[in-house]
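*Asks:* here is a sequence with its predicted model. Questions after.
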Amino acid sequence: MKNFIETKMMKAKMAMTGMKDKALAVLADCKGENYVDTAVKILIAVVLGALLLAGLYALFGDVVMPTLTQRVTEMFDYAG
């Protein structure tokens with residue numbers, strides 16, 4: 001039992017050392033190359049989202065809503 005616990009503790013210590021080394025490497029990296037990429041991706045997503053919303057708003061305002069009102073009126077004015 002003691003050997004099992006010592007083995008598990010050694011594995012945990014090695015895993016923590018690996019994570020610590022990886023974290024220190026990331027924190028020591030000073031390139032900053034991902035900031036511009038991320039900003040461009042966010043900007044593209046916002047612009048595409050705004051274009052999509054503007055297109056849907058125009059479509060619903062000019063095409064869908066007038067015909068929807070007409071169809072609902074025709075459904076409730078059914079005389080036959």
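*Replies:* Arrived safely, thanks for sending.

*Asks:* and the helices in the protein?
*Replies:* 2-28, 33-59, 65-76 (DSSP state H).

*Asks:* can you lay out those as a markdown table showing mean neighbour count and mean pLDDT?
*Replies:* Quick note: C-beta positions are derived from backbone N, CA and C, even for glycine. Shown next, in a markdown table, are the helices of the chain (neighbours: other Cβ atoms under 10 Å; pLDDT from 0 to 100):
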| stretch | mean neighbour count | mean pLDDT |
| --- | --- | --- |
| helix 2-28 | 9 | 82 |
| helix 33-59 | 10 | 89 |
| helix 65-76 | 9 | 80 |
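
*Asks:* quick check on D29: phi, psi?
*Replies:* phi -70, psi 120 (degrees, to the nearest 10).

*Asks:* next one, pLDDT for it please.
*Replies:* D29 is assigned 75 on the pLDDT scale.

*Asks:* so how far is A58 from it?
*Replies:* 46 Å (Cβ to Cβ, to the nearest Å).

*Asks:* and M9, by the same measure?
*Replies:* 65 Å.

*Asks:* swap in L43?
*Replies:* Counting by Cβ to Cβ, the gap from L43 to A58 is 23 Å.

*Asks:* and if you look at A12?
*Replies:* 59 Å.

*Asks:* ditto for I44
*Replies:* Taking Cβ to Cβ, one finds I44 at 21 Å from A58.

*Asks:* now do V40
*Replies:* Taken as Cβ to Cβ, the span from V40 to A58 is 27 Å.

*Asks:* swap in K22?
*Replies:* From K22 to A58 the distance is 50 Å (Cβ to Cβ).

*Asks:* and I42, by the same measure?
*Replies:* Counting by Cβ to Cβ, the gap from I42 to A58 is 25 Å.

*Asks:* and I5, by the same measure?
*Replies:* I5 is 68 Å from A58, by Cβ to Cβ.
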